[in-house]
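Visitor: I need the structure of the sequence given here:
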Amino acid sequence: MKKILYFLTMALALIVVSSCSEDDVVYNTAPRAAFTMSEAPEGYEINKAITFTDASTPEANTNIVSWLWSFGDEANTTSTEKSPTFTYTKEGVYNVTLTVTDNHNLKATLTKSITVLDPLAAISVQWAANLSGSVTGGSSPAVSADGKAVYMLTGGNAAEPGRLTAFNIASGGTSWVLDIDAAMVSNHPTGSAAAGCKDIYSSPSVGADGNVYFIVRDLKDAGANRRLFTFAAKPNGSVAWTYAGPDANLYAITPAVDAQGNVYTAQRKGKIWKINNGECTEYASGLGDITGGLSVSKTGQLYGAGKGNTGYFGFDIAAGAGAWVYNAEFGAAPTAFTGALRSSTPSIGADGTLYAVADKTTGGMVMALNADGSLKWKYDTNTSIADGGVAIAADGTVYANLGIATEDIPSGVVALNADGSVKWTYAVEASVQTTPMIDNRGYIHFIDAQGTYYILKADGTLFSSLSLGEACKSTPVMDAEGNTFVVVTKDGALQMLCVRTRAASYATDAVWAMRGQNPQRTGLQK
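Guide: From the prediction side, this is the model:
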C-alpha cells in the first residue's frame, strides 16, 4: 500500500512540474522591418540628400535597440542611425537595406530599390539622320497621325529639288522622300517641265486621315506658269491631291486643319484658301502681307501673323471676312529669321484668348488678345520677338520665348500667369527664336539658336541641358511616347535628331502644349 501511495505521489509531482514548465516558456518573434524615403515627385537626383525614415514595429513587450542601414553604393556605405540621410553621387539603381535588432537579439531585414538620376544625363540622342537641302524661316517637323513617322520639309536650289522626307521613328531610317519639284511638274494644271521650289519657309501639318499638308511656291518656272502649290501627301509618300493656285509670294505658313478636315493656307497677297480634297474656296481677306501661322478656333476663327502693320489678325471663316487686326506698337521685325518677316504662330487659350509674341519698335512683347482682337494684357520685353510663340499649360500658365539676345540683354523663356504677371524668367545668352514645349511632367523644353537644348522644371529651375549642334532655327516637336524631334546644324550639316529626355509624353492635358498645339501641328484649338 505504501508503494502504491509513493508512485501516485511521484506521478502527481511530475504532472505538476511538467505543467509549470509549459506555462513559463515564452516564444519571442522578430520585429517587422519597414522604412520610407523622402518624397521626390519628380524623381531622386544625384547630389541631393534623401532621408530614410525607420517605420519598423517591434513585437509586444520588446524594443528595437539597433538599426543598420546599407545604401548599396560602390563604397558600401552604412549607417547605424535610426533615420539617416544619404546623398548619391552617381546615377543608378541602388538596393537600400535596413536590418533592425530587438532587445532579444532577434533581427529583421527589408530591402528596397531606389532609382537615382543624373539630370545632366537626362537628354540623349537616340538617332541622327542627315537632311539634304535647306531649312529656313523656322520650318519645323510634324509627327504622323499613327505616331510611326516624323516629317520634315527641306528647300532646294538650282540643282537640288525641294523634299518632304518621312523618317521612321523607331529606327531613324528614311521611310520615303517626296520630290516636290517632280510633284509640281506632274500636277501642274497647264503643264510645266521647269516647276520646282527653292527655299521652303513653311512647315508640314498632318490631318486625322494621315495626309501630310504643306504649301510651297514654284520659283524655278517663270511668268504665268508659276503657281503656288498646296499638297496633300499620303502616309506612303504619294500625292493625294494638289491645289495649284495663282502665283503669290509665300512665307512661314503651316496649314491649319479643322475638325471637319478642311485645310487652311494663306499667302502674302492677303488671300486665304480653304481647301477640301483639292477643292479651294478663296477669300480676299482684306489683310496685307500674311507671313506666319495659322491657327483655327473651335468657333471658326482663323488666326495668323503678318508683316509690318498686318500685325496679328482674326478672320471669320463663316463670314468670309476679316474680323480684326491688332498691330499697336508693332515694329518692322528687323530681327526676324528672314527679311523682316514674322514667322510667329499664335496660340489659342481654353476661353478663346489669343496668345502671341511680337516685336515692337523697341524690344518686344508677349500679349494676350480677347476674342474681338482687343488687348487683354501685354508683357513688355527688352528683346525683339519676331519668331517663336507661346505654349499654354493646363493651369493657364503661359510660356514664351524671348527672341533675340544682344551683347547686353540675354534671351530665354518667360513664364506668365494667366493675368500676365510674371512667374519667373530663365535667361540664356543665345537667342531663342523657337516656341517652348511642355511635357507630361510639366517641364518646359526649348532650344536656342546655338543648338543647346534646355529642360526647365515647372518652377523655372534647370533640370537638364545639352548641346545638340552649332545652330538651330527649328522648333522641336514631341510625340505621345516622349520622343522629341528637332533639326539642327551639326558639323556643318543639317540633321534630324530623335532625342529622349525621360519624358513619357508631351503634356496631353495642356491647353496648347507646343507650336501647332499637337504633334501633328494642326493648329486646332482643343
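
Visitor: check contacts around the spatially most central residue of the chain.
Guide: Among the residues of the chain, Met437 comes closest to the average C-alpha position under CA atoms, centre = their mean, at 3.9 Å. Going by CB atoms under 8 Å, 6 or more residues apart in numbering, Met437 touches 391, 444-446, 475-478, 484, 506, 513-515. (C-beta placed from N, C-alpha, C; glycine too.)

Visitor: Now, those residues that are in strands?
Guide: 391, 444-446, 477-478, 484 (DSSP state E).

Visitor: any chance of those residues in JSON lines, plus distance to Leu131, neighbour count and pLDDT?
Guide: JSON lines is the format used below for the ones in strands among the contacts of Met437 (distance: CB to CB, whole Å; neighbours: other CB atoms under 10 Å; pLDDT from 0 to 100):
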{"residue": "Ala391", "distance to Leu131": "25", "neighbour count": "29", "pLDDT": "99"}
{"residue": "Ile444", "distance to Leu131": "26", "neighbour count": "24", "pLDDT": "99"}
{"residue": "His445", "distance to Leu131": "21", "neighbour count": "28", "pLDDT": "99"}
{"residue": "Phe446", "distance to Leu131": "21", "neighbour count": "27", "pLDDT": "99"}
{"residue": "Val477", "distance to Leu131": "15", "neighbour count": "28", "pLDDT": "99"}
{"residue": "Met478", "distance to Leu131": "19", "neighbour count": "25", "pLDDT": "99"}
{"residue": "Thr484", "distance to Leu131": "16", "neighbour count": "26", "pLDDT": "99"}
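
Visitor: Let's have those in a markdown table, adding distance to Ala321.
Guide: Conversion of the ones in strands among the contacts of Met437 to a markdown table gives the following (distance: CB to CB, whole Å):
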| residue | distance to Ala321 |
| --- | --- |
| Ala391 | 30 |
| Ile444 | 37 |
| His445 | 38 |
| Phe446 | 36 |
| Val477 | 33 |
| Met478 | 36 |
| Thr484 | 40 |
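
Visitor: Just give me the closest of those to Phe231.
Guide: Of all those, Val477 has the smallest distance to Phe231: 19.7 Å, by CB to CB.

Visitor: Just read off the phi/psi values of the closest residue to Asp209 other than its chain neighbours.
Guide: Excluding the flanking residues, the one nearest Asp209 by CB to CB, 6 or more residues apart in numbering is Gly261, at 6.7 Å. Backbone geometry at Gly261, expressed as degrees, to the nearest 10, gives phi 90, psi 10.

Visitor: go on, Leu354?
Guide: Dihedral angles of Leu354 (phi, psi; degrees, to the nearest 10) stand at phi -100, psi 130.

Visitor: Number of residues surrounding it?
Guide: A count of neighbours around Leu354, defined by other CB atoms under 10 Å, yields 25.

Visitor: before we move on, the earlier item: isn't the residue nearest to Asp209 right next to Ala208, touching?
Guide: Yes: distance between Gly261 and Ala208: 6.8 Å, which falls inside the contact criterion (CB atoms under 8 Å).

Visitor: what's the pLDDT at the residue nearest to the centre of the chain?
Guide: In the prediction, the pLDDT value recorded for Met437 is 99.

Visitor: same check, this time on the one 5 residues further on
Guide: Gly442 is assigned 98 on the pLDDT scale.

Visitor: Make 49 the starting number, not 1.
Guide: With 49 as the first residue, the last one maps to Gly490.

Visitor: With adjacent residues omitted, what lies nearest to it?
Guide: Nearest in space to Gly490, with sequence neighbours left out and distances taken as CB to CB, 6+ apart, is Ala506 at 4.2 Å.

Visitor: Look up how far Ile492 lies from that neighbour.
Guide: Ala506 sits 7 Å away from Ile492, taking CB to CB, to the nearest Å as the criterion.

Visitor: Over to Thr570?
Guide: Thr570 sits 22 Å away from Ile492, taking CB to CB as the criterion.

Visitor: I'd assumed Gly336 was in contact with Gly370.
Guide: No: contact status for Gly370 versus Gly336: not in contact, 10.3 Å apart, counting by CB under 8 Å.

Visitor: Just the element for the residue nearest to Lys282 when sequence neighbours are not counted, please.
Guide: Here the nearest residue to Lys282 in space, its sequence neighbours aside, is Ala288; by CB to CB, 6+ apart that works out to 4.8 Å. Using DSSP states H and E, Ala288 sits in strand 287-294.

Visitor: For stretch 288-299, what does the pLDDT average out to?
Guide: Per-region confidence: stretch 288-299 scores 96 on mean pLDDT.

Visitor: would you turn the contacts of Met485 into a markdown table with distance to Ser131?
Guide: Rendered in a markdown table, the data for the contacts of Met485 read as follows (distance: CB to CB, whole Å):
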| residue | distance to Ser131 |
| --- | --- |
| Ala439 | 41 |
| Ile492 | 35 |
| His493 | 37 |
| Phe494 | 40 |
| Thr523 | 47 |
| Pro524 | 43 |
| Val525 | 45 |
| Met526 | 40 |
| Thr532 | 40 |
| Tyr554 | 39 |
| Ala561 | 40 |
| Met562 | 43 |
| Arg563 | 47 |
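
Visitor: Taking those residues together, which two end up most distant?
Guide: Ile492 and Val525 (14.7 Å).

Visitor: Could you tell me whether Val233 really is in a strand?
Guide: No: applying DSSP: H, G, I helix; E, B strand; the rest coil, one finds Val233 to be helix, outside a strand.

Visitor: any idea how far Ser240 is from it?
Guide: Plainly put, Val233 is 6 Å away from Ser240 if you go by CB to CB.

Visitor: count of residues packed around the closest residue to Trp289 other than its chain neighbours?
Guide: If the residues on either side of it in the chain are set aside, Trp289 comes closest to Gly326, at 3.5 Å by CB to CB, 6+ apart. By the criterion of other CB under 10 Å, Gly326 has 15 neighbours.

Visitor: likewise the one 4 residues further on?
Guide: By other CB under 10 Å, the residues close to Glu330 number 14.

Visitor: Isn't it up against Trp321?
Guide: Yes: at 5.6 Å, Glu330 and Trp321 qualify as touching, with contact defined as CB under 8 Å.

Visitor: Find residues that contact each of those two.
Guide: Both Glu330 and Trp321 are in contact with Gly293, where contact means CB under 8 Å, 6+ apart.

Visitor: quick one: low-confidence ranges for this protein?
Guide: For the chain, applying pLDDT under 70 flags the ranges 49-75.

Visitor: rerun that using 50 as the cut-off
Guide: Low-confidence segments of the chain (pLDDT under 50): 49-70.

Visitor: Tell me which stretches of the stretch 149-298 of the chain form strands.
Guide: All strands of the stretch 149-298 of the chain, identified by DSSP state E, counting those that start in this stretch, fall at 155-165, 172-178, 190-191, 197-202, 211-216, 222-227, 253-254, 260-265, 275-281, 287-294.

Visitor: Does the fourth one pack against any helices or strands, and if so which?
Guide: Packing contacts for strand 197-202, counted by 3 or more CB pairs under 8 Å, 6 or more residues apart in numbering; DSSP states H and E, involve strand 190-191, strand 211-216, strand 260-265, strand 541-548.

Visitor: Just checking: what are the partner strands of the first one?
Guide: Using DSSP bridges, strand 190-191 pairs in its sheet with strand 197-202 (antiparallel).

Visitor: The strand it pairs with versus strand 275-281: what angle between them?
Guide: Inter-element angle recorded for strand 197-202 and strand 275-281: 170 degrees (by axes from the mean of the first three to the mean of the last three CA atoms, to 10 degrees).

Visitor: Please, which helix or strand holds the nearest residue to Tyr491 once chain neighbours are set aside?
Guide: Across the structure, with CB to CB, 6+ apart as the measure, the residue nearest Tyr491 apart from its sequence neighbours is Ile503 (5.3 Å). Element membership for Ile503, per DSSP H and E: strand 500-504.

Visitor: Give the next helix or strand downstream of that strand.
Guide: Next in line after strand 500-504, if elements are assigned by DSSP H and E, sits strand 510-515.

Visitor: Show me the contact partners of that following strand.
Guide: Contact with strand 510-515 is made by 167-171, 474, 491, 498-505, 549, as judged by CB under 8 Å, 6+ apart.
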